[in-house]
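# What shape does this take:
(one chain, ligands or ions: 1)
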Amino acid sequence: MASVAPPEPLVKVAELPGRGRALVAARPIKAGDVLLSDSPVLLYPAILPSAAAFPFCSYCFRSLRSAATSSTALAGGGPLPCPSCVSLSLFCSPRCLSLAMTSSHPSWLCRSLLHLSSLPADLHAPALFLLAAYNLAAFSPSDFLRLLSLEGALPAAYEAAALHSFVTSLLPQPFPSGFSPELTAALLAKDKRNAFGLMEPFRVEDAGERRVRAYGIYPNASFFNHDCLPNACRFDYVDGDGDGDRNTDIVVRAIHDIPEGREVCLSYFPVNWSYAERQRRLVEDYGFQCQCDRCQVEKNWKDDEEVESMEEEEGVEGMETLEEENNEGGDGDGDFPHAYFFVRYLCNRENCGGTLAPLPPSPHGTLSNVMECNVCGQLREEGNIDEDVAEDGDGSMNDE
Ligand SMILES: C[S@@+](CC[C@H](N)C(=O)[O-])C[C@H]1O[C@@H](n2cnc3c(N)ncnc32)[C@H](O)[C@@H]1O
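Numbering: from 1, shown residues only. So this is what the prediction gives:
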């Protein structure tokens, strides 16, 4: 039987001066194209499920509320507590409980969770990461090596030292000799630079303060560099019913057309953050100063009020020029590289701040005219967005 050649990848890894490894378009990319679908090598809860506003399954990370109505959960059964750490870890089904026992939730790690409350709350997430990472070293050494191969410089020594002594006191004794303070520091650095947050469900009343449910290390998606005007964005469907164990995969889609050879970037945080907030986060957590086109323009602005007034001045006529630039794959090197981006690709839902990308093209290559928000999940027809732009006429960031 003739074999079917796998589709050519749309992105490839390249080394770029001053930016390290990056993903660039291997051929012309269309708006909505799926650039990457990636499974995590490591997942860990940001908080214990018992402390979460939306309790979740400690194995598949689905919300227990949505699991109760999904076909993956046992009919009529409530969440199953872990027999050892009881309400600290909950599972949506006997299958998840049983899989966890032989992978992410061995008895030593389970016992360790009982000691977490002795740590300050801000150290819970890094401690949960270290427990999961040390477990990965035993459970899947090849995935552990992939984690170590990711980018990341060492964080402040005191944090690593304190966490190292806490976590190693919980490891099964004697633990392998390689688990040194240096390894703990290196692991924490990989986490800080590369972890993707899987968020709790969006609610308008949270006023943009949505909490992270879990973090995942995605070895291929980790090669995406940051841009404050990204040309791709990532989606997750953790609470989705489909694809069995692959509900924690992330999918990266193109926001608009991207020419061959152009770097493909994500934004590491919501695109509506101010210049100061973006720079602070990038320096503190990612160790670089952003020099993107948008930052080059905004660094000369005095404050956020100026951002609004300048966008108001731009108006609809300016949009046409910006749209042309954008469709030509230009980097938007005019005065307002981002005004068009905001009206077109920033979700208009109150307190959302998500980015819109078209749904993937059909199997026959027909492009979709439906845009999906990567935060609240809203679907909008492109025609409606055009109407909103025409009605508002001011190109401002918010629909208010
Ligand atoms: C998730 S990694 C991205 C892949 C990374 N470049 C590598 O070589 O593996 C994040 C790190 O990439 C680098 N990086 C990301 N975006 C950048 C940008 N716009 N300019 C310079 N460096 C960037 C920073 O070192 C950042 O901490």
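# didn't residue 229 look like it was pressed against residue 340?
No: using C-beta atoms under 8 Å as the test, residue 229 is too far from residue 340 to be in contact (9.6 Å). C-betas here are computed from N, CA, C, even on glycine.
# Give me the more crowded residue out of those two.
Neighbours of residue 229 and residue 340, each counted by other C-beta atoms under 10 Å, are more numerous for residue 340; the result is 25 against 21.
# While we're on the more buried one, how confident is the model there?
We have a pLDDT of 86 for residue 340.
# Any figure for the gap between it and residue 385?
12 Å (C-beta to C-beta, to the nearest Å).
# Now do the contacts for residue 231.
By C-beta atoms under 8 Å, 6 or more residues apart in numbering, the contact set of residue 231 is 254, 255, 256, 258, 262, 264, 265.
# and if you look at residue 129?
Residue 129 sits next to 42, 44, 187, 188, 191, 195, 215 when contact means C-beta under 8 Å, 6+ apart.
# just checking, which of the residues you listed belong to strands?
Judged by DSSP state E, strands contain the following of the contacts of residue 129: 42, 44, 195, 215.
# Output these as CSV; include the columns neighbour count, pLDDT and distance to the ligand.
Output for those, formatted as CSV (neighbours: other C-beta atoms under 10 Å; pLDDT from 0 to 100; distance: C-beta to the nearest ligand atom, whole Å):
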residue, neighbour count, pLDDT, distance to the ligand
42, 25, 98, 14
44, 25, 97, 17
195, 23, 97, 9
215, 22, 97, 13
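# with those residues in mind, which one is nearest to residue 378?
residue 215 (24.6 Å; C-beta to C-beta).
# how about the nearest residue to the closest one, chain neighbours excluded?
Leaving out its chain neighbours, the residue that sits closest to residue 215 by C-beta to C-beta, 6 or more residues apart in numbering is residue 195, at 4.1 Å.
# ok, the one you found - contacts?
Residue 195 neighbours (C-beta under 8 Å, 6+ apart): 129, 215, 216, 217.
# now, the most widely separated pair of these?
129 and 216 (10.7 Å).
# Now do the shared contacts for the two.
42, 195.
# and residue 282, how many neighbours does it have?
19.
# Please state the backbone phi and psi of it?
Per-residue torsions, residue 282: phi -70, psi -40 (degrees, to the nearest 10).
# How confident was the prediction at the nearest residue to it once chain neighbours are set aside?
Spatial nearest neighbour of residue 282, chain neighbours left out: residue 290 (5.1 Å); criterion: C-beta to C-beta, 6+ apart. What the model reports for residue 290 is a pLDDT of 97.
# one step back: same list (the contacts of residue 195) but as CSV, adding distance to residue 283.
Shown next, in CSV, are those (distance: C-beta to C-beta, whole Å):
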residue, distance to residue 283
129, 22
215, 21
216, 24
217, 22
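# Nearest to the ligand among these?
The ligand lies nearest to residue 217 out of the contacts of residue 195, by C-beta to the nearest ligand atom, at 10.0 Å.
# Skip the chain neighbours and tell me the closest residue to that closest one.
What sits nearest to residue 217 in space, not counting adjacent residues and going by C-beta to C-beta, 6+ apart, is residue 42, at 4.4 Å.
# pretty sure the residue nearest to residue 282 is in a helix, no?
No: using DSSP: H, G, I helix; E, B strand; the rest coil, the secondary structure at residue 290 is coil, not a helix.
# my guess is it meets residue 277, correct?
No: look at residue 290 against residue 277 with C-beta under 8 Å: they stay out of range, at 11.5 Å.
# residue ranges of the strands in the stretch 251-400 of the chain, please?
Ranges of strands within the stretch 251-400 of the chain are 263-266, 356-358, 370-373, 379-381, based on DSSP state E, counting those that start in this stretch.
# re earlier: tell me the buried residues within the contacts of residue 231.
254, 255, 256, 258, 264, 265 (16 or more other C-beta atoms under 10 Å).
# State the number of residues packed around the residue in the stretch 251-400 of the chain positioned nearest to the ligand.
Of all residues in the stretch 251-400 of the chain, the one sitting closest to the ligand is residue 286 (3.6 Å; C-beta to the nearest ligand atom). Residue 286 has 18 neighbours, counted by other C-beta under 10 Å.
# And for it, nearest residue in space, chain neighbours not counted?
Spatially, and ignoring its direct neighbours in sequence, residue 286 is nearest to residue 193 (6.1 Å; C-beta to C-beta, 6+ apart).
# what about that neighbour, which helix or strand?
According to DSSP states H and E, residue 193 maps onto helix 181-194.
# Quick one: list the elements packing against that helix.
Packed against helix 181-194 by the contact rule (3 or more C-beta pairs under 8 Å, 6 or more residues apart in numbering; DSSP states H and E) you find helix 124-139, helix 141-149, helix 157-170, strand 212-217, helix 275-286.
# Cool, thanks, signing off.
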